[in-house]
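>>> Here is my input, please return the structure:
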Amino acid sequence: MNDNAMPSHQVDYLPKMPLDKSIGIGCIGSGFIMADCHLVAYRQAGFNPVAIAARNWEHTQRVAARHAIPNVYEDYREMLDDPKVAVVDIAVPPDIQIEMIREITSRSNRIRGILAQKPLGVDYAQALKIVCMCEEAGITLAVNQNMRYDQSVRGLKSLLEQRALGEPVLATIDMRAIPHWMPWQERQGWVTMRIMSIHHLDTFRYWFGDPVRVFASVRSDPRTNKRFEHQDGICLYILEYENGFRAAAWDDVWAGPALEGAASDSYIRWRVEGTVGMARGTIGWPEYPAPTPSTLDYTTVASGPEWIQPRWPEVWFPDAFVGTMAQLLCALEANTEPEISGRDNLRTMALVDAAYLSAREHRAISIDEITANS
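Model (predicted):
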């Protein structure tokens with residue numbers, strides 16, 4: 001880590017790594033997130049992807065050759081019979097996850113762990129079924145909430161654990177960025193809240209724990225609405241905590257008519273204010289594919305009127321994806337729950353469902369209102 005100023009606290013931003021990196025990983029899916037994020041990160045970390053399966057045979061063969069994966073399958077069911085596969089990494093659309101996981105859990109006698117892409121299924125109720133299936137089969141389930149492994153997000157978490165900022169008072173995330181929407185989203189009936197906002201909602205949970213309730217307001221994105229109808233293009237939401245703390249985010253995927261010819265002003269910024277300190281940061285993802293590290297600046301009463309600015313070379317895409325698989329391998333090694341376990345992720349899925357319900361009914365919704373009905 002390269003510092004512009006000497007930090008007064010230890011800013012830990014890298015994930016814990018497993019001692020044994022030889023566990024065989026079988027990958028389902030060969031799209032961008034697998035080919036350009038997961039597998040790049042796994043090879044970088046020294047993990048062991050041994051097999052890959054996806055429907056586009058020729059493309060999957062090219063991905064396998066690029067990442068030196070020895071075994072390629074057209075049908076993921078065939079891959080599950082590969083004796084070298086002990087962990088399955090699933091990167092497919094959310095509406096087909098449950099059938100794949102049902103297949104894995106129904107035949108499991110060797111599969112030890114699953115890393116499932118977020119969102120875990122299409123809603124909280126389906127996510128609960130997936131979690132229960134894995135628990136009944138004795139398979140450790142983790143969910144790829146990869147923003148938790150963005151370096152600035154982890155750096156702030158370490159400061160919060162050290163109480164460097166004192167008691168948190170207010171946190172905000174301001175996103176003005178235009179995602180590359182995937183074709184499969186057209187059949188879902190939703191856009192931003194379950195795909196982009198879920199990152200920010202989960203990050204707030206990671207930093208501060210579960211809120212009592214959420215109030216959300218949404219509108220369609222004019223650009224995306226030309227492709228398919230949706231409600232949750234631009235999403236605004238406030239999280240209320242029992243102790244008075246508040247968190248809020250503006251997830252603006254319109255971000256102005258930049259693609260239509262106007263100047264661009266894309267970014268993701270976050271800010272956390274506490275009783276004795278304050279932190280602010282940027283997320284480098286909107287600059288992808290240009291490798292742009294996220295940033296963290298912080299100041300405290302004790303450090304005086306200067307910003308402490310730790311820096312690092314790592315970036316969210318693809319480096320954060322080392323952490324999502326590493327924590328699953330560490331959990332298998334120690335026989336513990338993963339940091340991003342399926343059971344924990346149910347609270348994130350419930351919070352997302354609560355935000356959707358809030359936007360529909362124009363009222364604040366508690367997480368318990370969602371979980372009590374399932």
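
>>> Please make it C-alpha for all contacts and neighbour counts, starting now.
Will do.

>>> Excluding chain neighbours, what is closest to the residue positioned nearest the centre of the chain?
Among the residues of the chain, the smallest C-alpha distance to the mean C-alpha position (C-alpha atoms, centre = their mean) belongs to Gln145, namely 2.4 Å. Nearest non-adjacent residue to Gln145, counting by C-alpha to C-alpha, 6 or more residues apart in numbering: Lys118, 6.1 Å away.

>>> That neighbour and Asn71: what is the separation?
25 Å (C-alpha to C-alpha, to the nearest Å).

>>> With neighbour numbers in mind, choose between the two.
Lys118 (24 against 17; other C-alpha atoms under 10 Å).

>>> how much space between that one and Pro93?
Taking C-alpha to C-alpha as the measure, Lys118 and Pro93 are separated by 9 Å.

>>> Three-state assignment for the spatially most distant residue from the centre of the chain, please.
Here the centre of the chain is the reference, and by C-alpha atoms, centre = their mean the most remote residue is Gly304, at 34.3 Å. In terms of secondary structure, Gly304 is coil; the call rests on DSSP: H, G, I helix; E, B strand; the rest coil.

>>> Make sure I have this right: Arg280 is in a helix.
No. Going by three-state DSSP, the assignment for Arg280 is strand, not a helix.

>>> Bridged to the closest residue to it other than its chain neighbours, which residues?
Nearest-residue entry for Arg280: Arg271, 4.2 Å, with adjacent residues in sequence omitted and distances by C-alpha to C-alpha, 6+ apart. Arg271 has these beta-bridge partners by DSSP bridges: Thr172, Arg280.

>>> residues in contact with Arg271?
Contacts were defined as C-alpha atoms under 8 Å, 6 or more residues apart in numbering; by that measure Arg271 touches Ala171, Thr172, Ile173, Met278, Ala279, Arg280, Gly281.

>>> I figured the residue nearest to the centre of the chain hits Ile340, correct?
Yes. In this structure, Gln145 sits in contact with Ile340. The criterion is C-alpha atoms under 8 Å, and the distance is 7.0 Å.

>>> hey, what's in contact with both of those two?
Thr324.

>>> Would you check which pair of the contacts of Arg271 lies furthest apart?
Taking C-alpha to C-alpha, the two most distant members of the contacts of Arg271 are Ile173 and Met278; they sit 14.1 Å apart.

>>> Helices of the chain, start to end?
For the chain, the helices defined by DSSP state H cover 32, 39-45, 57-66, 76-80, 97-107, 124-137, 151-161, 192, 198-208, 222-225, 320-334, 342-361, 367-371.

>>> Adding mean pLDDT and distance to Leu19 as columns, could you present the ones you listed in TSV?
Written out in TSV, the entries for the helices of the chain read as follows (pLDDT from 0 to 100; distance: least, C-alpha to C-alpha, whole Å):
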stretch	mean pLDDT	distance to Leu19
helix 32	95	28
helix 39-45	98	12
helix 57-66	97	25
helix 76-80	96	25
helix 97-107	95	26
helix 124-137	97	24
helix 151-161	98	21
helix 192	97	37
helix 198-208	98	25
helix 222-225	94	45
helix 320-334	98	8
helix 342-361	98	23
helix 367-371	96	37
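
>>> Show me which positions of stretch 50-65 end up buried.
The neighbour-count check on stretch 50-65 (16 or more other C-alpha atoms under 10 Å) flags Val50, Ala51, Ile52, Ala53, Ala54, Thr60, Gln61, Val63, Ala64 as buried.

>>> Please save the CA atoms from stretch 74-83 in CSV.
Extracted as CSV, the C-alpha positions of stretch 74-83 are listed here (Å, rounded to 0.1, in the frame of the first residue of the first chain):
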residue,chain,number,x,y,z
GLU,A,74,-21.4,-28.4,-22.9
ASP,A,75,-23.7,-29.6,-20.1
TYR,A,76,-23.0,-28.6,-16.5
ARG,A,77,-24.4,-31.9,-15.3
GLU,A,78,-21.5,-33.7,-17.0
MET,A,79,-19.1,-31.4,-15.2
LEU,A,80,-20.6,-32.3,-11.8
ASP,A,81,-19.4,-35.9,-12.4
ASP,A,82,-15.8,-34.7,-12.9
PRO,A,83,-14.0,-36.2,-9.8
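
>>> For it, which outside residues touch it?
Residues lying outside stretch 74-83 but in contact with it, judged by C-alpha under 8 Å, 6+ apart, are 26, 28, 51-57, 72-73, 85, 103-104, 110-111.

>>> make it 10 Å
24, 26-29, 50-58, 60-61, 71-73, 85-88, 100, 103-104, 107-108, 110-111 (C-alpha atoms under 10 Å, 6 or more residues apart in numbering).
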